[in-house]
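Q: Curious how this folds, go ahead:
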Amino acid sequence: MGIQIADIIPRKEIELTDMKGKIIAVDAFNTLYQFLTTIRQADGTPLMDSKGRITSHLSGIFYRNINLLQEGIKLIYVFDGKPPELKFKEIQKRKEQKEIAREKLEKAKEEGDTEAMHKYSQQTVKITDEIIEESKKLLEAMGIPVVQAESEGEAEAALLARKGVSWASASQDYDSLLYGTPRLIRNLTLSRKRRTSSGMFVDTKIELVEFDKVLNELQINLEQLICLGILVGTDYNPGGVRGIGQKRALEIVKKYEYPLKIFEFVEKSDKYTLDFDWQPIFHQFKSFKETHKEKINFQNIDLEKIKEILVTDHEFSEERITNALEKLKEVEKAKKQKGLNEFW
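A: Here you go, the predicted model:
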């Protein structure tokens, strides 16, 4: 879900050309959820092959990333590992919500309500081990490095950006800022048009959030930003402190400045109830250590492997894939002309 601080975060629209030649570390699970929830038929049914295997994620990885590679953008996909214990409560909550959505989906199917079917089918999405492995194989065939984090992929991606391995991290969630990513890219892998819950289509713009600009405009530091996120609510304390929204949280962290004083105020307040231990959540963000130490290498694109995965294994249209691969051949040609290291 991510922290809800969009109303107070400064950001600007950018174009794909603004990222030409730059490396972006992508939150893989966040992106796969986008593909699995948005790339669907009108009644909410995901794309599938004749064996009933879901292929929405493969379609998203292939077609969306081709456009990015054509623009000279270099991608690293960072996958989640084992979630921290702090997140178990949120995971359980999500499981319960999916079960409720499944029940509503079945009712919608019985009533023939395609709009409700589309809505509730999106809420039942699950990233399986099979989907993860298929995604990794296709990404690697496209020459896109895969990083396996021990825990939170979003945090690992943010740290890659902090270290200068990548120029920015990409996720829909603002949590990356709490991990100190210097730049956060939102809407990178989304279609340029997005369907809203009402069924309307709206233009989707790529957004750049700059960490230093956030701190400067809000007049806070990283520790205060982490406290702000905890007050509003993170995946480790869903809902945060009841009664404290984004703007009020900003007022509190600016007034009391230090983590101990911030939460001491909340704890002693007659207006608010602090019903969780904030310190392990704070340290999860502040003291997160990267786990990936190996050098990240960008390999050549394997056109035959891509066709094998998509056409042979999952029955994608050979004509469409062949036409799309022509674009990747141009990318590969450009790499060879400039020299692999220079291009990447």
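Q: Where do the strands of the stretch 101-250 of the chain begin and end?
A: Under the criterion DSSP state E, counting those that start in this stretch, the stretch 101-250 of the chain contains strands at 146-148, 168-170, 183-186, 193-195, 201-203, 206-210.
Q: quick one, which of the ones you listed is packed in tightest?
A: Ranked by mean neighbour count under mean count of other Cβ atoms under 10 Å, the strands of the stretch 101-250 of the chain are led by strand 168-170, which reaches a mean of 29. Backbone N, C-alpha and C define where each C-beta goes, glycine included.
Q: which residues are contacting it?
A: Residues outside strand 168-170 that contact it (Cβ atoms under 8 Å, 6 or more residues apart in numbering): 19, 22, 24-27, 31, 154, 157-158, 160-161, 176, 181-186, 188-189, 208.
Q: could you flag which of those are buried?
A: 19, 24-27, 31, 154, 157-158, 160-161, 176, 181-186, 188-189, 208 (16 or more other Cβ atoms under 10 Å).
Q: domains in the protein, as residue ranges please.
A: Taking automatic domain parsing as the reference, the chain has its domains at 6-215, 219-286.
Q: okay if I get these as TSV plus distance to residue 318?
A: Formatted as TSV, the domains of the chain follow (distance: least, Cβ to Cβ, whole Å):
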stretch	distance to residue 318
domain 6-215	13
domain 219-286	41
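Q: mean pLDDT lowest for which of those domains?
A: Among the domains of the chain, domain 6-215 has the lowest mean pLDDT, at a mean of 89.
Q: what's the span of that domain, first residue to last?
A: Separation of the first and last residues of domain 6-215 by Cα to Cα, to the nearest Å is 14 Å.
Q: Equivalent analysis for stretch 266-285, please.
A: 20 Å.
Q: Show residues contacting it.
A: By Cβ under 8 Å, 6+ apart, stretch 266-285 touches 84, 86, 178-179, 223, 226-227, 229-231, 234, 236-237, 241-244, 252, 259, 263.
Q: Centre of the chain to it, how far?
A: Mean C-alpha position of stretch 266-285 versus that of the full chain (Cα atoms, centre = their mean, to the nearest Å) differs by 26 Å.
Q: buried set for it?
A: Quick answer for stretch 266-285 (16+ other Cβ under 10 Å): 266, 272, 274, 276, 278, 281-282, 284-285.
Q: and of the domains of the chain, who's closest to residue 324?
A: Residue 324 lies closest to domain 6-215 among the domains of the chain, at 5.9 Å (Cβ to Cβ).
Q: how about the helices of the stretch 1-150 of the chain, start to end?
A: Listed in chain order, the helices of the stretch 1-150 of the chain (DSSP state H, counting those that start in this stretch) span 28-38, 56-70, 88-111, 114-122, 129-141.
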